[in-house]
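Chemist: I would like the atomic coordinates for the input below:
(2 chains)
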Amino acid sequence: MNGDYSRPEDLAWKCRRCDVNLVVGPAVLTYMGNRITADLPQCPVCGFVMISEELALGKMAEVEQILEDK
Amino acid sequence: MQYDIPEKLRAVTGDSIRPGGLILTERAVDFCGFSKSARIVDIGCGFGTTLSHLRHRHGFRVCGIDISARMLSGSPVQTAVQAGAENLPFGADVFEGIFCECVLSLLSPPERALDEFHRVLRSGGYLVMSDLYLRNPGKRFYPVSSCLSGAVTKSERIMQLSDCGFELLLWEDHSGYLKEMAARIVWRMGSREDLMKLFFPGHCSACDWASIQRARPGYFLLIARKK
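Modeler: Numbering: from 1, shown residues only, chains lettered A, B, ... in the order given. Predicted coordinates:
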């Protein structure tokens, strides 16, 4: 299940280690044994994925809570 | 009862539209050990995912019913007809197996459908059911039509089955699949509020997230045999 979770401003970032612009590509997020695939900004060289604060504190936090519910 | 699956939900779950998808279907087939020529009916067959799987993977003689003409029109299996679970268009003692996946909790009262399942099953035939259940007993608080409206506790479901002439052979908790599906819907759609709107269309003041959490919805697979 892909979905594009990048914002135009995310692509203005550069990977500090590789010194290249981020691109949007598929990333696999795993939490408590569950896998979700999403298109996220990442470095095309080393694959380092950038998660925006908005995503981390918003939707990602809600999903984590659901998976943590007993 | 009329219903249609929202396209947004279908986009997340695929055509099986239920927690666990075909994994639980396959688990049940393994358990029941149907013969190659077994006649199987899928109640609420929707887009025909289970029917197609049972026919092509196992070679069973399958047919299905669903109340939604729109969903049936997308079914790849031609032996699916529009009908309600409470009034099955089949004779008595016809099937070796009935699959009822994530459907019974939409029916009210469920006993009418269970009586029909008992009628069309051969003696010793298997009823395969997966559905929502409430892991905390207590007051029902879902006045609007949704899968949760008809969800009951494990003991209530087993009692209904027994009253309708079935012997329980297997009960497995698969709540992890429900959680995974909820997480995927929130991830895809944006928030828990979007998830709530999907399952409780229209205003429902009693259907807040905390109330649902208190009921601890879970998901089960059960297999019962006609006595």
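Chemist: What segments of chain A are strands?
Modeler: For chain A, applying DSSP state E gives strands covering A:14-15, A:20-21, A:23-31, A:34-42.
Chemist: Which neighbouring elements make contact with the first one?
Modeler: With contacts defined as 3 or more C-beta pairs under 8 Å, 6 or more residues apart in numbering or on different chains; DSSP states H and E, the secondary structure elements packing on strand A:14-15 are strand A:20-21. Backbone N, C-alpha and C define where each C-beta goes, glycine included.
Chemist: Measure how far the strand it packs on is from the centre of its chain, please.
Modeler: 16 Å (C-alpha atoms, centre = their mean, to the nearest Å).
Chemist: I'd like to check which residues are in contact with B:P110.
Modeler: When contacts are counted by C-beta atoms under 8 Å, 6 or more residues apart in numbering or on different chains, B:P110 touches B:L104, B:G150, B:Q160.
Chemist: Which member of these is positioned nearest chain A?
Modeler: Nearest to chain A out of the contacts of B:P110 is B:G150 (C-beta to the nearest C-beta; 21.7 Å).
Chemist: Mind telling me which residue of chain B is nearest chain A?
Modeler: Nearest residue of chain B to chain A: B:A183, at 4.7 Å (C-beta to the nearest C-beta).
Chemist: which residues are contacting the lengthiest helix in chain A?
Modeler: Counting residues, the longest helix found in chain A (DSSP state H) is helix A:59-68. Here helix A:59-68 makes contact (C-beta under 8 Å, 6+ apart) with A:5, A:29, A:31-32, A:34, A:36, A:51, B:179-180, B:182-183, B:186-187, B:190-192.
Chemist: Weed out the non-buried ones from the residues you listed.
Modeler: A:Y5, A:L29, A:N34, A:I36, A:I51, B:K179, B:E180, B:A182, B:A183, B:V186, B:W187, B:R192 (16 or more other C-beta atoms under 10 Å in any protein chain shown).
Chemist: Just the closest of those residues to B:T25, please.
Modeler: Ranked by distance to B:T25 (C-beta to C-beta), the buried ones among the contacts of helix A:59-68 are led by B:E180 at 16.4 Å.
Chemist: Is that closest one in contact with A:N34, as I believe?
Modeler: Yes. Assessed by C-beta atoms under 8 Å, B:E180 is found in contact with A:N34 at 5.2 Å.
Chemist: What helices and strands are in contact with the lengthiest helix in chain B?
Modeler: For chain B, the longest helix by residue count, based on DSSP H, is helix B:175-189. Here helix B:175-189 touches strand A:34-42, helix A:59-68, helix B:7-13, helix B:192-199, strand B:217-226, going by 3+ C-beta pairs under 8 Å, 6+ apart.
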